[in-house]
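> Structural data only, the sequence is not supplied:
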């Protein structure tokens, strides 16, 4: 990926604790910031190529537009992470607020966003979510920013609405018609692996479109090298946490082990 220096990109997740206004919020803004910064620094010290900040603790997620207080909290935390680590930083505003993610990234100097449903429509636990590539790409132009768009195909925690599109068709939708800068493939849920055959097929389709492929779930030290044989990058969260529990803090030693495996060390 041209956004990162490494040809085998490892992006580590900063899963935010519940933000103010979320049902499970049970702390302070300062504690949320400190935890996010500690996780980001542990990821950087472990050798990742980039970090992505996501409001993972805000269940149940707003399906599309997150309210202003969520955007404000995300802007605060992301801005501090950008200042704290000398790495590209990404933003994902769950469940699918691409406008907020792009706006936060542009305002804070972050480098990329992840959009779970960029094109087409998916049935999720938040209901039917429709892609808004036409709005997202135009907003990027209006904001005069070079923030990259990483778009999922057949995103985790979802099912197709109506007849399923083939993987090739889905990738064509987000790249040719949605103008995404990279494609993300994931398993059926957080922490679930993507089958090798699926990664290979997605890599072949992305190669035809000359865009990078990122594996977006279920990557571990044991599987990262195989993923990177075909994909250009991986996004890793659960495998980098203490006891491999998604909501736990980042474990620097686990980060280093995965990065070493990605580099063949």
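Yep, that arrived. Small disclaimer: the values here were computed from a predicted structure and weren't measured. Numbering: from 1, shown residues only.
> What lies in contact with the lowest-mean-pLDDT helix or strand in the chain?
Lowest by mean pLDDT, DSSP states H and E among the helices and strands of the chain is strand 158-160, with a mean of 85. Contact with strand 158-160 is made by 116-117, 120, 122-124, 129, 154, as judged by Cβ atoms under 8 Å, 6 or more residues apart in numbering. In this view, the C-beta of every residue, glycine as well, is placed from N, C-alpha and C.
> at 6 Å instead, please
122-124 (Cβ atoms under 6 Å, 6 or more residues apart in numbering).
> Next, the buried residues of the helix or strand just after it.
Once strand 158-160 ends, the next helix or strand along the chain (criterion: DSSP states H and E) is helix 167-172. With burial defined by 16 or more other Cβ atoms under 10 Å, the residues of helix 167-172 counted as buried are 167, 170-172.
> between these, which is nearest residue 149?
Nearest to residue 149 among the buried residues of helix 167-172, counting by Cβ to Cβ, is residue 171 at 13.8 Å.
> Would you mind giving the buried residues of helix 167-172 as CSV with distance to residue 8 and pLDDT added?
Listed next are the buried residues of helix 167-172 as CSV, based on distance: Cβ to Cβ, whole Å; pLDDT from 0 to 100:
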residue, distance to residue 8, pLDDT
167, 22, 90
170, 24, 93
171, 21, 95
172, 25, 95
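> what would those look like in a markdown table with distance to residue 141?
A markdown table is the format used below for the buried residues of helix 167-172 (distance: Cβ to Cβ, whole Å):
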| residue | distance to residue 141 |
| --- | --- |
| 167 | 29 |
| 170 | 24 |
| 171 | 23 |
| 172 | 22 |
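> on that earlier part again, check the contacts of strand 158-160 for burial and list the buried ones.
So, by 16+ other Cβ under 10 Å, the buried ones in the contacts of strand 158-160 are 122, 124.
> Just the closest of the contacts of strand 158-160 to residue 44, please.
For the contacts of strand 158-160, the nearest to residue 44 is residue 124 (31.9 Å; Cβ to Cβ).
> Spit out the contact partners of that closest one.
Going by Cβ under 6 Å, 6+ apart, the list of residues near residue 124 reads residue 158.
> Share the number of residues neighbouring residue 71, please.
Residue 71: 20 surrounding residues under other Cβ atoms under 10 Å.
> Is it in a helix, a strand, or coil?
Secondary structure assignment for residue 71 (DSSP: H, G, I helix; E, B strand; the rest coil): helix.
> contacting residues for residue 224?
With Cβ under 6 Å, 6+ apart, residue 224 has these contacts: 234, 258, 261-262.
> Please name the bridge partners of the residue most central in space within the chain.
For the chain, the residue nearest the mean C-alpha position is residue 114 (4.6 Å; Cα atoms, centre = their mean). Bridge pairing for residue 114 (DSSP bridges) gives the partners residue 150.
> Let me know whether it touches residue 152 as I believe.
No: assessed by Cβ atoms under 6 Å, residue 114 is found out of contact with residue 152, at 7.1 Å.
> Show me the strands in this protein, by range?
9-15, 50-54, 89-92, 112-115, 121-124, 127-130, 148-153, 158-160, 182-185, 213-215, 233-236 (DSSP state E).
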